[in-house]
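Asks: got a predicted structure plus its sequence, pasted below:
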Amino acid sequence: MDFEPYIRDIENFPKPGVVFKDITPLLKDAKALTAACQTLCDMIVKHDIDKVVGVDSRGFIFAPLIASKLNAGFVPVRKKGKLPYTTISESYELEYGEDTLEIHTDAIQKGEKVLVHDDVLATGGTASAVCKLVEKLGGEVVQCNFLIHLTFLNGSNKLNGYDIKALLEY
């Protein structure tokens, strides 16, 4: 399936000069949503995944669906102050600011195989921070999956050594 028609460009969002890739047209179409989820699962190279980590907030859309198909657990990584239990954190820079992500300290056990999922790989700061959190807990990141990879922002440079897959590249 060609997913590109389901991605809408929103100019000057969230700030002037940024072209935001809006995935809501894909999400509202049942056929495209189902096909995207299946394709994301088909891109997974290793199938012995214990946990799928979804990144706040759009990573929460597909990560639990992927986890369910893989018979794996789902772990949310959230922005600072949003998780109720004991956490560890990692700060990072994004293309338009700085932020901090957190994960529960009991979310991943030492040696577990982890798939990281988010909607977009842009500058790589978010995904890199998530990988660091997983590794601090003793998990092994086996792959990073994205709906969209904005290759012109060179985010994959911050993910050297990780297997990166994306549904669409721009």
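Replies: It's in. Residues are numbered from 1 along each chain as shown.
Asks: for the spatially most central residue of the chain, helix, strand, or coil?
Replies: Of all residues in the chain, the one closest to the mean position by Cα atoms, centre = their mean is D118, 1.6 Å from it. Using DSSP: H, G, I helix; E, B strand; the rest coil, the structure places D118 in strand.
Asks: just the pLDDT at it, thanks.
Replies: The model reports D118 with a pLDDT of 98.
Asks: which residues does it bridge with?
Replies: Judged by DSSP bridges, the bridge partners of D118 are F146.
Asks: list the contacts of it.
Replies: 54-55, 58-59, 126-127, 130, 144-146 (Cβ atoms under 8 Å, 6 or more residues apart in numbering). Bear in mind the C-beta positions are built from the backbone N, C-alpha and C, glycine included.
Asks: at 10 Å what do you get?
Replies: 53-63, 77, 126-127, 130, 144-148 (Cβ atoms under 10 Å, 6 or more residues apart in numbering).
Asks: how about L83, nearest residue that isn't a chain neighbour?
Replies: If you skip the residues right next to it in sequence, L83 has E102 as its closest partner in space, 5.4 Å away by Cβ to Cβ, 6 or more residues apart in numbering.
Asks: count of residues packed around the one you found?
Replies: 22 (other Cβ atoms under 10 Å).
Asks: so it sits in a strand?
Replies: Yes: assessed by three-state DSSP, E102 belongs to a strand.
Asks: beta partners for it?
Replies: R78, S89.
Asks: is it true that it touches S89?
Replies: Yes: between E102 and S89 there is a contact at 4.6 Å, judged by Cβ atoms under 10 Å.
Asks: show me where pLDDT drops low in the protein?
Replies: 94-97 (pLDDT under 70).
Asks: repeat the analysis, applying 80 as the threshold.
Replies: The model of the chain has pLDDT under 80 over residues 47, 94-97.
Asks: mind listing the helices for it?
Replies: Applying DSSP state H to the chain gives helices spanning 24-28, 30-42, 59-70, 125-136.
Asks: deepest in the core, which of these is it.
Replies: Counting by mean count of other Cβ atoms under 10 Å, helix 125-136 has the highest mean neighbour count of the helices of the chain, with a mean of 22.
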